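1. based on what follows, work out the 3D shape:
(2 chains)
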Amino acid sequence: MDDFQTGLVELLPRLRRFARVLRPRDADAQDLVQQTIERALAARRGFRPGTRLDSWTFTIMRRIAIDEGRSALRWGRLVSPEDETTARVEDPGQADEHLRADALAVRDAIHGLPEDQKHAVALVLVEGLSYAEAAKVMGVPAGTLTSRLVRGRQSLMKTLAAQGVTG
Amino acid sequence: MTAPDEEMLMRWSDGELSPEEARRLEAAALTDANLAARMSALRRLRAAAREAFAVTVDPRDRDLARLIAAQSARKRAADDGPRPVWARWPGALLAPRVAAPWAGLAVAAFVGGLLIGPGLTPGDGLRVAADGALRDRELVRVLDRRLASEGPDGDGRAVGLTFQDAERRWCRTFQAREAGMAGLACRESGAWTVRVLAPLDAPGGEVRTAASDLPEAVLMAVDAVIDGPSADAAGEARARDAGWPGG
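-> Numbers count the residues shown, from 1 in each chain, chains lettered A, B, ... in the order given. Next comes the predicted model:
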């Protein structure tokens, strides 16, 4: 394997984590990781050595997720919230029992955010990207990223406070 | 300092403030309990988000790692190569299709549109037209009809890998023991066109026996040309029976 491939392998756990933010259901997250890897391999010419492989790969994953979301809307296959809850509880891929109730509430609250805010929160809070990197992944100006982050965070805090989760 | 707004606190919790700005904010929090509480809530939210989506060990990552590792040198060569390298070769018939790996083969010579591996002079043993079309009738017959599983014919001619290039033309590697050569030929305009030739036996006297045991120059050409997996026995037979369509 070359550096690019080694880098991708090392990124797998983080790609899976990002996918779990974008796709609550474990099987969907797995599909998303797989598609992202396939597309990254096919598109490796587009990666410039010396730039960040994580940002580049997150960009690909996010784009796939958005495209999929659009086609799901077109085909009317949007999962109802009830379905998602049921799927999560039965999902062996999600080790819920290891999560504190608070962390579980935070996860649900993040999943409940509007897409743009959710992606901003995932990239900065969960993945630890800088604002500049996150803005690049999302293809928006830094100011847009910042305002999505502010709104996403405020919404999270409100949701969690209403549930009595103070963090 | 002026009362910090929500965005500034958020920037602080995300490590986006300059060290100087952060120090000033933290100093202000020492005497402002309300500010300190807001800052600590932001920090806790960040920690909780990371905990909510902790990195986990997933057995399926192993399969994905295999998928990544399986991307062979051919894809890398095709993708990483500075393609225009061959534009510098006058009469480089094979130019865009055999890319970068050759750049490292200083010993290879490019003769009459054919890349000749080290230790070969054109005309050695095999008849090849100036445009690369294979003229050796026996070898053409072997490439047309023989399957890899059948091994070498009576004169030691055998095929190895069968695969398609990016333009869906069929290509096969071959050995011609009597001529002492191995190579790669692809279907072009209804004929087998030689893409590369190399001496079958390593200069050191080491003898290659297995049909899959090809000179490095040939393997590199395969890597540069192949697009997709090589054909299995059934795919090879189907392509043969269909008359090597596509080229």
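2. would you say B:W192 is within a strand?
-> Yes. Counting by DSSP: H, G, I helix; E, B strand; the rest coil, B:W192 is located in a strand.
3. ok, it - how many residues close by?
-> 28 (other CB atoms under 10 Å in any protein chain shown). Any C-beta I mention is one placed from the backbone N, CA and C, and that applies to glycine too.
4. what's near enough to touch it?
-> B:A133, B:L134, B:L139, B:V140, B:L143, B:D144, B:R172, B:A185, B:C186 (CB atoms under 8 Å, 6 or more residues apart in numbering or on different chains).
5. run through the residues that contact B:A239.
-> B:T162, B:W170, B:A231, B:P245.
6. show me which of the contacts of B:W192 are buried.
-> Using 16 or more other CB atoms under 10 Å in any protein chain shown as the burial test, the contacts of B:W192 include B:A133, B:L134, B:L139, B:V140, B:L143, B:R172, B:A185, B:C186 as buried.
7. quick one, strands of chain B?
-> B:109-111, B:114-116, B:157-164, B:170-176, B:181-188, B:191-199 (DSSP state E).
8. the third one versus strand B:181-188: what angle between them?
-> What it means is strand B:157-164. Calculated by axes from the mean of the first three to the mean of the last three CA atoms, to 10 degrees, strand B:157-164 forms an angle of 40 degrees with strand B:181-188.
9. contacting residues around strand B:157-164?
-> Everything outside strand B:157-164 that qualifies as a contact, by CB under 8 Å, 6+ apart, is B:138-139, B:142-143, B:146-148, B:150-152, B:170-178, B:211-212, B:214, B:222, B:226-231, B:235-236, B:239, B:246.
10. what about these, which are in helices?
-> The helices, defined by DSSP state H, take in B:E138, B:L139, B:V142, B:L143, B:V222, B:G235, B:E236, B:A239 from the contacts of strand B:157-164.
11. any idea how far the fifth one is from A:F58?
-> So that's B:V222. Distance of B:V222 to A:F58, computed by CB to CB, to the nearest Å: 34 Å.
12. for chain B, which spans come out with low pLDDT?
-> B:1-3, B:72-125, B:130, B:201-213 (pLDDT under 70).
13. check which helices and strands the longest helix seen in it sits against.
-> Assignment by DSSP H gives helix B:33-52 as the longest helix of chain B. Counting contacts by 3 or more CB pairs under 8 Å, 6 or more residues apart in numbering or on different chains; DSSP states H and E, helix B:33-52 is packed against helix A:101-111, helix A:142-162, helix B:6-13, helix B:19-30.
14. chain center to the shortest one, what's the gap?
-> Between the mean C-alpha location of helix B:6-13 and the chain-wide mean there is a distance of 46 Å, by CA atoms, centre = their mean, to the nearest Å.
15. now do the second one
-> Relative to the mean C-alpha coordinate of its chain, helix A:142-162 is positioned 16 Å out (CA atoms, centre = their mean).
16. pull the residues that contact that helix.
-> Contacts for helix A:142-162 (CB under 8 Å, 6+ apart): A:105-106, A:109-110, A:112-114, A:116-121, A:124-125, A:131-132, A:134-135, A:138, A:140, A:166-167, B:6-7, B:10-11, B:14, B:41-42, B:45, B:49.
17. among those residues, name the buried ones.
-> Buried among the contacts of helix A:142-162 by 16+ other CB under 10 Å: A:105-106, A:109-110, A:113, A:116-121, A:124-125, A:131, A:134-135, A:138, A:140, A:167, B:10-11, B:14, B:41-42, B:45, B:49.
18. what residues sit buried inside stretch A:64-71?
-> A:I64, A:A65, A:E68.
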